[in-house]
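Chemist: below is the sequence, then the predicted model.
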Amino acid sequence: MKVAIIILNWNGRELLEQFLPSVINYSSNEATVYIADNASTDDSVAYVRNHFPSVQIIQNKVNGGYAKGYNDALKNLTEDLFVLLNSDVEVTENWLTPIIQEFNNNIKLVAAQPKILDYKDKSKFEYAGAGGGFIDKLGYPYCRGRIFNSLEKDSGQFNDNYPIFWASGACLILRSSSFWESGALDETYFTHQEEIDLCWRMKALGGEIFNIGSSTVYHVGGATLAASNPKKTFYNFRNSLLTLLKNKKGSGVWVILFLRLVLDGIAGIQFIFQGKIKHCIAIIHAHFSFYGLLPSYIKKRKNHSSTMKYYSIKSIVWNYFILKKRTFNNNY
């Protein structure tokens with residue numbers, strides 16, 4: 001099985017300098033390493049060419065964000081597995097071996113992720129993926145090891161190979177044939193939650209998605225777009241609504257979307273009380289962007305919506321804030 005590791009880069013010289021060596025040291029015997037550059041204006045491409053000649057460069061013409069950046073980069077690759085790896089991830093020795101074995105052993109496996117721990121505190125799970133992702137009925141994402149901002153300590157509780165709903169875009173392993181069959185990444189998203197949409201579509205076609213806990217990586221998180229940046233708020237809120245509209249079949253989606261809009265408004269009020277006015281404005285912009293995209297996404301529903309059950313619990317918000325259940329095993 002041929003494997004391609006593709007690291008998307010945009011002006012990330014410092015990140016490549018810090019993290020690319022671990023990828024080459026622990027992966028090059030099992031995979032071809034690519035840098036997909038999103039029209040960077042720094043010297044990151046020249047740096048890679050000069051210091052890591054074994055790494056292949058894919059030069060994208062524009063900065064299309066995560067979704068278009070990867071779609072453009074992958075279209076000419078022929079490997080069986082695509083590993084979409086963030087530039088702020090440190091991999092570990094033999095991390096690829098159990099992943100490749102699982103894809104070889106399970107022909108239904110279309111996507112996976114390793115266990116993702118926090119680079120800044122390696123005893124804890126990292127926000128973007130942790131031990132594998134799920135969403136509740138209202139489309140709110142959560143993970144084994146991470147509910148909202150509560151991060152669990154890693155004590156080996158998620159070292160298993162476990163079926164999940166979505167695998168993290170921080171380190172997303174995809175069977176290439178299934179990736180293209182599902183329609184690839186939705187480029188309207190630009191960044192954030194496009195992996196949830198992709199995984200939903202892949203599962204609706206009968207695929208399986210796993211967290212492979214015998215493999216570990218460490219993720220910095222927010223290196224490209226920090227949590228304090230209102231743009232992150234905009235993309236997270238808007239894209240979550242788009243994912244529901246696009247993939248949840250039936251008229252009941254409108255009730256769910258109405259409830260989400262109300263809860264988003266409450267979140268906006270909370271931002272005001274926290275003095276984060278720009279984040280409240282970002283939610284308003286997200287809603288207006290969502291309204292503007294309604295006609296095109298109603299059309300997309302015809303091709304992508306599914307009756308597949310997508311949630312394990314009805315409301316992670318209720319469990320977390322009202323029932324005070326702050327760990328995955330208490331919520332699931």
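Modeler: Thanks, I have it. Here the structure is a predicted model, which is why all the values come from computation and not from measurement.

Chemist: wait, F19 sits on V89?
Modeler: Yes - counting by CB atoms under 8 Å, F19 does reach V89; the two are 6.2 Å apart. Backbone N, C-alpha and C define where each C-beta goes, glycine included.

Chemist: strands along this structure, start to end?
Modeler: 3-9, 32-38, 56-60, 81-85, 89-91, 109-118, 121-125, 133-135, 141-143, 146-147, 150-151, 161-163, 171-175, 208-219 (DSSP state E).

Chemist: tell me the buried residues in the third one?
Modeler: If you call a residue buried by 16 or more other CB atoms under 10 Å, then strand 56-60 has these buried ones: 58, 60.

Chemist: picking that back up, what would the strands of the chain look like in JSON lines with distance to W254 and mean pLDDT?
Modeler: Rendered in JSON lines, the data for those read as follows (distance: least, CB to CB, whole Å; pLDDT from 0 to 100):
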{"stretch": "strand 3-9", "distance to W254": "35", "mean pLDDT": "98"}
{"stretch": "strand 32-38", "distance to W254": "36", "mean pLDDT": "98"}
{"stretch": "strand 56-60", "distance to W254": "37", "mean pLDDT": "98"}
{"stretch": "strand 81-85", "distance to W254": "33", "mean pLDDT": "98"}
{"stretch": "strand 89-91", "distance to W254": "38", "mean pLDDT": "98"}
{"stretch": "strand 109-118", "distance to W254": "29", "mean pLDDT": "98"}
{"stretch": "strand 121-125", "distance to W254": "35", "mean pLDDT": "98"}
{"stretch": "strand 133-135", "distance to W254": "18", "mean pLDDT": "98"}
{"stretch": "strand 141-143", "distance to W254": "21", "mean pLDDT": "97"}
{"stretch": "strand 146-147", "distance to W254": "27", "mean pLDDT": "96"}
{"stretch": "strand 150-151", "distance to W254": "31", "mean pLDDT": "96"}
{"stretch": "strand 161-163", "distance to W254": "29", "mean pLDDT": "97"}
{"stretch": "strand 171-175", "distance to W254": "30", "mean pLDDT": "98"}
{"stretch": "strand 208-219", "distance to W254": "27", "mean pLDDT": "98"}
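
Chemist: contacting residues for the residue of the chain most remote from its centre?
Modeler: Residue farthest from the centre of the chain, counting by CA atoms, centre = their mean, is N50 at 30.4 Å. By CB atoms under 8 Å, 6 or more residues apart in numbering, the contact list for N50 is empty.

Chemist: could you report the neighbour count for the closest residue to K232 other than its chain neighbours?
Modeler: Closest residue to K232 apart from its sequence neighbours, by CB to CB, 6 or more residues apart in numbering: L225 at 5.0 Å. Using other CB atoms under 10 Å, L225 has 14 other residues around it.

Chemist: who's in contact with L225?
Modeler: Taking CB under 8 Å, 6+ apart as the test, what L225 contacts is 191-192, 231-232.

Chemist: V110 versus that one, what's the distance?
Modeler: Between L225 and V110 the computed distance is 27 Å (CB to CB, to the nearest Å).

Chemist: what's the answer for A286, then?
Modeler: 29 Å.

Chemist: swap in N329?
Modeler: 26 Å.

Chemist: of these two, who's got more company?
Modeler: V110 (28 against 11).

Chemist: now the more buried one: closest residue in space that isn't a chain neighbour?
Modeler: G207 (3.2 Å).

Chemist: I'd say that neighbour and K108 touch.
Modeler: Yes - under the criterion of CB under 8 Å, G207 makes contact with K108 at 6.2 Å.

Chemist: of the two, which one has the most company?
Modeler: G207 (18 against 11).

Chemist: OK, contacts around the more buried one?
Modeler: Here G207 is in contact with 108-111, 175, 178, 182 (CB under 8 Å, 6+ apart).

Chemist: same thing but 7 Å
Modeler: 108, 110-111, 178 (CB atoms under 7 Å, 6 or more residues apart in numbering).

Chemist: now it: how far from S251?
Modeler: From G207 over to S251 (counting by CB to CB), the distance is 27 Å.

Chemist: which PyMOL command selects the buried ones in the contacts of L225?
Modeler: To isolate the buried members of these in PyMOL, using 16+ other CB under 10 Å:
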select buried, resi 191+192+232
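
Chemist: okay, and which of the contacts of L225 map to helices?
Modeler: 231-232 (DSSP state H).

Chemist: so which of the contacts of L225 comes closest to L81?
Modeler: T191 (22.6 Å; CB to CB).

Chemist: any idea which residue is closest to the centre of this protein?
Modeler: Taking CA atoms, centre = their mean, the chain has its central residue at G169, 2.7 Å away.

Chemist: against W254, how distant is it?
Modeler: G169 is 28 Å from W254, by CB to CB.

Chemist: what number of residues lie near W254?
Modeler: 12.

Chemist: go on, S28?
Modeler: Counted with other CB under 10 Å, S28 comes out at 14.

Chemist: for it, give me the pLDDT.
Modeler: Reported pLDDT at S28 in the predicted model: 90.

Chemist: the nearest residue to it once chain neighbours are set aside and G250: what is the separation?
Modeler: Distances taken as CB to CB, 6+ apart place S54 nearest to S28, at 6.5 Å, with adjacent residues excluded. Applying CB to CB, the value for S54 to G250 is 50 Å.
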